[in-house]
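Enquirer: with the sequence up front, the predicted model follows.
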Amino acid sequence: MKKIILATSLIFSGVSISNAQESTTTTKEKSNQLNEVSIVKEKKAVEQKSDRTIFEFASQSYLNSGSVLEGVKKLPGLVASEVAGMMYQGKQLDVFLDGRPLNISSNELTTFLEGMPANSVEKIEIITNPGAEFPATSGGAILNIITNKKAKNYLSATYTNSTNFTVYDHLRVRTNNSLMLNAKNKYFGWQFNVGQNYAERALWSSVIKKENNLTTVLSNTEADRINRGTFTKSALTFDLGNDRLLLNYDLFYNKNNSYTDAYGTLGDNTIFETSDKGDTKNVRQDAVVTYQKRFADKAKKLDFRFNYSQNDVDFGLNSYISNTNVLNNASGQKVYNFKADYSQPIKVLEKGKISFGTLYEELHFDTKNQGISNLEYRRRTASTYLEFQTKYKKFDFTVGGRGEDYDITGKTNTGSLTPFQQYRFFPNASLQYNFIPQVFFSANYNKKITLPSTSALNPNNTTYANPNVIVKGNPQLQPTIFDNYEVKVSAFDYIFVGYNMSVGNNQVVQRLTVDGNQTTNTNINVRELKVHNFNIGMPIPYMLFTKGMSETVKVMSNGGVNPDKINFLYVYAGRQKHEIPDINTKPYWIVNLMSQVVLPKEIKWVTNYSHVTAKGNFYYFVTQKPYGESLDTSFSKKFLGDQLTVSVNFDDILNTNRSVFQSFETPIYASNKSDTRRFGFTVNYKIPTKNKLAKEDPNLLNKEKKEDNGNVIGN
C-alpha cells in the first residue's frame, strides 16, 4: 500500500511539473508565433481546494447521462436518502443553483433535480467549509449546481441529447434535450439556454408492521410516474467601462403525473384498496440584477446584487374508485434578496485580503388546503460579515465572522407559530499548511445555522397519501445551530484523508410514528445530534500492476501523464456515525469505486460502484439492507475533432439499488424500489466555428467576485 501511495504521489506530482513545463513552452512559442498557437486548458475531472471539491460534469459521460439527481448520487461521499436528505461526507447540504440558494428541500428538491437534465450542468461545487461571505444559513455545506458556460466573441451553439430506457415490468423512456446559444460583441454579451425533460418512472414501495411474530402489510403501492419539465435560462451582460451590468432570468416549469394502486390492512383488519392519480405543477422564476464595480487595482472588487425568486406548487390527488378529490394542496413562495460585497488586498504578514459585505432578505411562504389558507410564514434576515485572509511562508490563514438578525413569525389556521427573533454571531477560522504546491494540511471551524425549509414547514401533504400512510410538514420547527470541525490532508486533487464532526443543536430530522395501523411521517427537532465522518480517497494507477514500480516512475519522469487520460481505479471510503442522545446508534460505511480505462481508438470506459452498508443509523432509521448499491458503466468517444461526443451508459446493471429501513423504536419497516436499471446514450454536439482563436470571456450568468481563487459563489 505504501508503494501504491508513493507511486501515485509521484505520478500526480509529475503531472503538475509536466503541466507547468508545457505551459512555459507553449507561452514561449506563442510569443513567436502569435497567429498559429493557442493555449488550451485541460479541465480536471476533480479539483480539491481547501474549502471545497469541484466535480466537472460537462465532459464526464457517466455523470451527465440522466437527470441532475442521478448524476450527483454518483459523486463519491455523497448520499441522498429519503430519510436523511442530501449529505456529503457527513454534512447536510444546502443546495444552490448558479450561486443562489434554491430555498427548497425534501420532496420538492428531489422533483426539481429529477426534472433538470444533467447535460445542462457544467460542474458541481461542494463547499465543505463555507466562510463568512456565505450566508450563515448554509448549515454544514453547500452543493452549488453551476449551469453557466463561457461566452466567446462569436456565436456558438451546443446541443445535447440524452435518451435512456428502463426495463422492469415493461419498457419506459427518459429523454433530456438541451440547447445552449451564446455570443458577445464590444457592446454586450448574451446567452440563452433551453432544455426539456421527459421521464417515465416507476416506484414500488411497502410499509409493513412486524409485531408479536405477526407481519401486517399496512401499505403496498405500485406507482407509474410521468415527469415533464422545461426550462429557459437567459443572460445579458453590458460592459460599462471597467464595470459590468448583468441581467439574468430563469424559468423552470414541471408538470408531473402519478398513477398509484395500493392496498393495505386497516386497524379493524379489513383490507383497503385505492387507485389514485396525482397531478403536480411547479413554476419557478428567478430574476437577478448585478452591478460589478471594478477598479484600477484588479484585486479590488465591489458587487451589488438584487434577486427576486418565486416558486408556486399545486398538488392534487384524485381517486379513480370513488371519483372524488382526496388532496388539493398549493403553496407559494416569494424571496427578495439584496446583497453587497467588497474585497481588496491588504498588507498583513506577506500578503492578504479583506472582505466585507451585507445582505437583506425577506421570504414569504403561504400554503392552502382545499383552497383554504392554513399557513402564513414570514422570514426576514439582515446580516453583515467581515473576513481576513493572509499568507505567511507556507501557511494560509482565514478568520472571519458574520452577524445575522432573524425575525421569523407566522400563523396557521389554528394559531400562531413560535416566533424566532434573535441576533446571532457566527465565527469561522481556517488554517492551511502547504507542504509543496498541491499538497496541504487544513483545519477548519465554523458556526452555522439552518432555518427549516419551507417544504419541511408545509403542513400539507404534497406527495401521496392513503388510509395508512400520512406525510406532512411541521410548521413549529425551530432553526438548528451547527458547530462544524474538520481536518484534512489533500494531495494533487485526487488524494485526501479527512475527519469532520458536525454538532447540531435543535437538529431537524425526519421521524415516523405509528398509531394502530396508521403511520405518520413528519419532521421534529432533536435536542442535539452529532455526526462523525472519516473519509479517504485515492487513485490507484493500473500501470502499477502491469508495469511495476520502476516502469511507472520512468513514465512519470519522461514528461508525466494527465490523470484524466490514464487507466486508474479511484477508491473512496467513508465511515459515518449519527449520535442521538439516549440512543445506541451504529455507524455505516460508504464505499465508492470508480474505474477509468482508455480503450483503443481513445474510447473511455468508466465503471462506477456505490455501496452503503446495512444496519447503520440514518438518524431515526436503521438500514436493513445495503443502501444505494449500484453498478454503472459507460463508454464514450469524441469525433470530428472533439466537436461531437457520443456515449452509451448502463446503470444499476445488477438491479440492486433499493432502500429498506426500520423506523427506530417502532415495529415499522419501509422499503422502496424504483426502476433504476437503465441503458441509453448521450450525444453532445458543438457547432464548429472558423474562429478557433477567439478569446473566452468571463461567465455571463452572475460572474462571481472571487474567480481568482476558484470561488464560484459570490454570496
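Expert: Yes, it's here.
Enquirer: in the chain, which residue is closest to the centre?
Expert: In the chain, the centroid-proximal residue (CA atoms, centre = their mean) is residue 143; its distance is 4.0 Å.
Enquirer: check which helix or strand it maps to.
Expert: strand 141-146 (DSSP states H and E).
Enquirer: rewinding a little: what sits closest to the residue nearest to the centre of the chain if chain neighbours are left out?
Expert: residue 93 (4.4 Å; CB to CB, 6 or more residues apart in numbering). The way it works is simple: take the backbone N, C-alpha and C, and place the C-beta from them, glycine included.
Enquirer: and residue 619, by the same measure?
Expert: Distance criterion CB to CB, 6+ apart; nearest residue to residue 619, sequence neighbours excluded, is residue 509 at 4.4 Å.
Enquirer: do I have it right that the one you found meets residue 522?
Expert: No: Residue 509 is beyond contact range of residue 522, at 10.2 Å (criterion: CB atoms under 8 Å).
Enquirer: so residue 49 versus residue 76, what's the distance?
Expert: Distance, residue 49 to residue 76, by CB to CB, to the nearest Å: 16 Å.
Enquirer: more neighbours: the two, which one.
Expert: residue 76 (23 against 19; other CB atoms under 10 Å).
Enquirer: for that one, which non-adjacent residue is spatially closest?
Expert: Leaving aside its sequence neighbours, residue 76 is closest to residue 572 (3.6 Å, by CB to CB, 6+ apart).
Enquirer: give me the element the one you found is part of.
Expert: Per DSSP H and E: residue 572 is located in strand 568-579.
Enquirer: and the residue nearest to residue 619, what is it in contact with?
Expert: Residue 509 sits next to 84, 523, 524, 526, 529, 619, 620 when contact means CB atoms under 8 Å, 6 or more residues apart in numbering.
Enquirer: got the confidence number for it?
Expert: With respect to pLDDT, residue 509 has a value of 90.
Enquirer: returning to that earlier point: please report how far the residue nearest to residue 76 lies from residue 675.
Expert: 26 Å.
Enquirer: now do the contacts for the closest residue to residue 574 other than its chain neighbours.
Expert: With CB to CB, 6+ apart as the criterion, residue 574 has its nearest non-adjacent residue at 3.7 Å, and that residue is residue 535. By CB under 8 Å, 6+ apart, the residues touching residue 535 are 77, 89, 496, 497, 498, 499, 572, 573, 574, 575, 590.
Enquirer: might you list the low-confidence residue ranges for the stretch 601-715 of the chain?
Expert: For the stretch 601-715 of the chain, residues meeting the criterion pLDDT under 70 lie at 688-715.
Enquirer: my bad, should have said the chain
Expert: In the chain (pLDDT under 70), the answer is 1-44, 84, 106-107, 148-154, 552-564, 688-715.
Enquirer: which ones are touching residue 590?
Expert: By CB under 8 Å, 6+ apart, the neighbours of residue 590 are 77, 79, 535, 572, 573, 574, 575, 576, 610, 611, 612.
Enquirer: equivalent analysis for residue 577, please.
Expert: 531, 532, 533, 585, 586, 587, 588, 616, 617 are the contacts of residue 577 under CB under 8 Å, 6+ apart.
Enquirer: assumed residue 549 was part of a strand.
Expert: No: counting by DSSP: H, G, I helix; E, B strand; the rest coil, residue 549 is not part of a strand but helix.
Enquirer: change the start of the numbering to 11 and stick with it
Expert: In the new numbering, first residue 11, that becomes residue 559.
Enquirer: and it, how close does it get to residue 552?
Expert: Distance from residue 559 to residue 552, counting by CB to CB: 13 Å.
Enquirer: intersection of neighbour lists for those two?
Expert: With CB under 8 Å, 6+ apart, residue 559 and residue 552 have no common neighbours.
Enquirer: how about the strands in the stretch 561-710 of the chain?
Expert: Ranges of strands within the stretch 561-710 of the chain are 578-589, 598-609, 613-622, 627-628, 631-633, 637-649, 654-661, 668-673, 678-684, 688-696, 706-707, based on DSSP state E, counting those that start in this stretch.
Enquirer: most tightly surrounded among those?
Expert: Here the criterion is mean neighbour count by mean count of other CB atoms under 10 Å, and of the strands of the stretch 561-710 of the chain the winner is strand 627-628, at a mean of 24.
Enquirer: please name the strands paired to that strand in the sheet, noting orientation.
Expert: Neighbouring strands of strand 627-628 in its sheet, by DSSP bridges, are strand 631-633 (antiparallel).
Enquirer: centre of the chain to the strand it pairs with, how far?
Expert: The chain centre lies 23 Å from the centre of strand 631-633; the measure is CA atoms, centre = their mean, to the nearest Å.
Enquirer: contact partners of that strand?
Expert: By CB under 8 Å, 6+ apart, strand 631-633 touches 93-94, 520, 522, 596, 598, 622-626, 669-674.
Enquirer: which helices and strands does the strand holding residue 153 pack with?
Expert: For strand 151-156, the elements it packs on are strand 95-98, strand 101-107, strand 133-137, judged by 3 or more CB pairs under 8 Å, 6 or more residues apart in numbering; DSSP states H and E.
Enquirer: so what's the residue nearest to residue 604 when sequence neighbours are not counted up against?
Expert: In this structure, residue 604 finds its nearest non-sequential neighbour in residue 580, 4.3 Å apart by CB to CB, 6+ apart. Residues near residue 580 by CB under 8 Å, 6+ apart: 86, 504, 547, 548, 549, 550, 602, 603, 604, 605, 606.
Enquirer: correct me, but the second one touches residue 551?
Expert: No: taking CB under 8 Å as the definition, residue 504 is not a contact partner of residue 551, at 10.6 Å.
Enquirer: please report phi then psi for the residue nearest to residue 584.
Expert: phi -150, psi 150 (degrees, to the nearest 10).
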